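Q: need coordinates for the below:
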Amino acid sequence: MADFLILNPALDQELEDIRTRDVPGPPDLTKCLIDWLTKSANYSIKKLTSDNQIGWDILHVIARFIDGTPVGSNGDWKHLAGLLGLHIHDIIRIENFSTIKGATLEVLSQFALNNHATVSKLLEALSIMERHDILYAISEKLEALLNPSYPINSYATSNQPNESDNEMDSGMAFSISGEADPEYLKSVPLGSSPLPIENNFQKESEKKKMKYSKTVLLTFTQDGYEIAQQVARQIRSLNLGIGVLILEENRDELEFCGESIYRWYQEVDYIIPIITEEYLWQVAPRTAATQDPDLSEPTCLDARYARLIYVMMLEEYQRNHCLNYRVRPLESNLLVRRTHCLLRNPIFSFRKAVSQVDKLATILAQAKIRTLIR
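A: Here you go, the predicted structure:
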């Protein structure tokens, strides 16, 4: 019988130490929750977000988990809104007009306006929803927030925000109106800034320096791309001093700094939605259950931003006490569903056919005063 050489390599002490080390298990949520509820009973949501990075981290984690839960499922944002005591009108508003912050941060924003909005009520709501996954995810952050003896410095160094966190850093302090946008954002890429409110004392020489007296932003979806190109050519060919902004034509600038869309939206004088079948479908409020899984990602940059621009139009309309100063829609001649519910939206009330673009451009060019955006 052949002799077999049996190797007995020396043990790696470092691996053995790791193997025999006591690894702490997950926290006992029952005991922790009692402690958290007691300590956060008088801890307001406003205080949570007041110059407190840990507080923002907690809200961002909650938002990511709940926004990832399909509407209608257990523990969705509507369930949270109901437990936090939001009025049904606020829930409907968030469902129809939620911004890029997401529905959950909108719910928390509304909840924070309540004088009795505390962290304990938020944690209690998560417990009732049986969102133990969220409570586990924020457990370390809550300990750092509520326990003075917790090594906060070590938490701060070991929990630096990643790229996805940076996208949400603005949180509830985010201003979709553009007032808080960074100063480095580029202006409308039309060669000159739009004309401000007319000043009777402005010198004629200064007026002549302006290349465009008005600027318009076309917003549309994939099926309206060719129509938008036609509308842009028509307006530009009229030589009425109207500059036309199409996002796809400025893809490089927008992809370099996506936040520029907010400043561009503020600087243009008018927004012209091109209403088509796909546009109505894309901007309409939908739940996860009504999403079309077979719908391909639009290649046109304007189509990707159509929903965002629509939400900004609605918010501007609400801020202006339901007065529409800047939205001037054009309706496609191929539109079939002329009774779509969105067409009853006040910002779409005075729409014109695409064939009337010359008339619309003339009216816009002759407008004397640009109304300030609130």
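
Q: now do the strands in the stretch 201-350 of the chain.
A: Using DSSP state E, counting those that start in this stretch, the strands found in the stretch 201-350 of the chain span residues 214-219, 242-245, 270-275, 330-331.

Q: and for the stretch 1-150 of the chain?
A: Assigned by DSSP E, counting those that start in this stretch, the strands in the stretch 1-150 of the chain number zero.

Q: domains of the chain?
A: Using automatic domain parsing, the domain parsing of the chain gives 27-147, 204-366.

Q: any chance of the strands of the stretch 201-350 of the chain in TSV with distance to residue 253 and mean neighbour count as columns?
A: Yep, even glycine has a C-beta here, placed from its N, CA and C like the rest. TSV is the format used below for the strands of the stretch 201-350 of the chain (distance: least, CB to CB, whole Å; neighbours: other CB atoms under 10 Å):
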stretch	distance to residue 253	mean neighbour count
strand 214-219	14	25
strand 242-245	11	22
strand 270-275	19	24
strand 330-331	25	22
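
Q: for these, which one sits closest to residue 93?
A: Checking those against residue 93 by CB to CB gives strand 270-275 as the closest, at 21.0 Å.

Q: helices or strands next to the closest one in the packing?
A: strand 214-219, helix 225-237, helix 301-319, strand 330-331 (3 or more CB pairs under 8 Å, 6 or more residues apart in numbering; DSSP states H and E).

Q: so the residue lying closest to residue 345 once chain neighbours are set aside versus residue 327, what's the distance?
A: With sequence-adjacent residues excluded and distances taken as CB to CB, 6 or more residues apart in numbering, residue 345 is closest to residue 314, at 8.0 Å. Per CB to CB, to the nearest Å, residue 314 is found 9 Å from residue 327.

Q: repeat that for residue 102.
A: Distance, residue 102 to residue 327, by CB to CB: 24 Å.

Q: do residue 344 as well
A: From residue 344 across to residue 327, the span is 15 Å (CB to CB).

Q: ok, these two, which is more surrounded?
A: Between residue 344 and residue 327, counted using other CB atoms under 10 Å, residue 327 has the larger neighbour count: 23 against 9.

Q: is it true that the more buried one touches residue 345?
A: No - using CB atoms under 8 Å, residue 327 is not in contact with residue 345, being 9.7 Å away.

Q: hang on, the earlier thing: among the domains of the chain, which comes closest to residue 16?
A: Closest to residue 16 of the domains of the chain, according to CB to CB: domain 27-147, at 27.7 Å.

Q: nearest residue to residue 131 in space, please, no chain neighbours.
A: residue 75 (4.9 Å).

Q: hmm, the one you found is touching residue 66, no?
A: Yes - the pair residue 75 and residue 66 qualifies as a contact (CB under 8 Å) at a distance of 6.9 Å.

Q: tally of neighbours for residue 324?
A: Using other CB under 10 Å: residue 324 sits among 16 other residues.

Q: and it, backbone torsions?
A: phi -100, psi 110 (degrees, to the nearest 10).

Q: what's the distance between residue 264 and residue 43?
A: In this view, residue 264 and residue 43 are 40 Å apart by CB to CB.

Q: more crowded one of these two?
A: residue 264 (24 against 18).

Q: quick one: pLDDT of that one?
A: As predicted, residue 264 sits at a pLDDT of 90.

Q: residue 31 now?
A: Predicted confidence (pLDDT) for residue 31: 83.

Q: that older thread, which stretch among the strands of the stretch 201-350 of the chain comes nearest residue 251?
A: Short answer: strand 242-245, nearest of the strands of the stretch 201-350 of the chain by CB to CB, at 12.5 Å.

Q: who does the closest one touch, helix- and strand-wise?
A: Using 3+ CB pairs under 8 Å, 6+ apart, the elements in contact with strand 242-245 are strand 214-219, helix 225-237, helix 357-366.

Q: ok, 10 Å please
A: strand 214-219, helix 225-237, helix 260-267, strand 270-275, helix 357-366 (3 or more CB pairs under 10 Å, 6 or more residues apart in numbering; DSSP states H and E).

Q: now do the third one and strand 270-275, the angle between them.
A: Which is helix 260-267. With axes from the mean of the first three to the mean of the last three CA atoms, to 10 degrees applied, the angle from helix 260-267 to strand 270-275 works out at 110 degrees.

Q: elements contacting helix 260-267?
A: Helix 260-267 is packed against strand 214-219, strand 242-245, helix 251-256, helix 301-319, with contacts defined by 3+ CB pairs under 10 Å, 6+ apart.

Q: least confident of those, on average?
A: Among those, helix 251-256 carries the lowest mean pLDDT (a mean of 77).

Q: got the CA coordinates for stretch 35-47 in CSV?
A: Presented in CSV, the C-alpha positions along stretch 35-47 are these (Å, rounded to 0.1, in the frame of the first residue of the first chain):
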residue,chain,number,x,y,z
ASP,A,35,-36.0,52.8,24.9
TRP,A,36,-36.2,54.8,21.6
LEU,A,37,-39.9,55.8,22.1
THR,A,38,-39.1,57.0,25.6
LYS,A,39,-36.1,59.1,24.6
SER,A,40,-37.7,60.5,21.5
ALA,A,41,-41.0,61.4,22.9
ASN,A,42,-40.1,65.1,22.9
TYR,A,43,-37.7,65.0,20.0
SER,A,44,-39.5,66.9,17.2
ILE,A,45,-39.0,66.1,13.5
LYS,A,46,-37.9,69.7,12.9
LYS,A,47,-35.1,69.3,15.5
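
Q: residues in contact with it?
A: 29, 48, 50, 55, 59, 84, 108-109, 111-124, 127, 135, 138-139, 142-143, 145-147, 172 (CB atoms under 10 Å, 6 or more residues apart in numbering).

Q: filter those down to the buried ones.
A: Neighbour-count burial (16 or more other CB atoms under 10 Å) applied to these gives 48, 55, 59, 84, 108-109, 111-112, 117-124, 127, 135, 138-139, 142-143, 145-146, 172.
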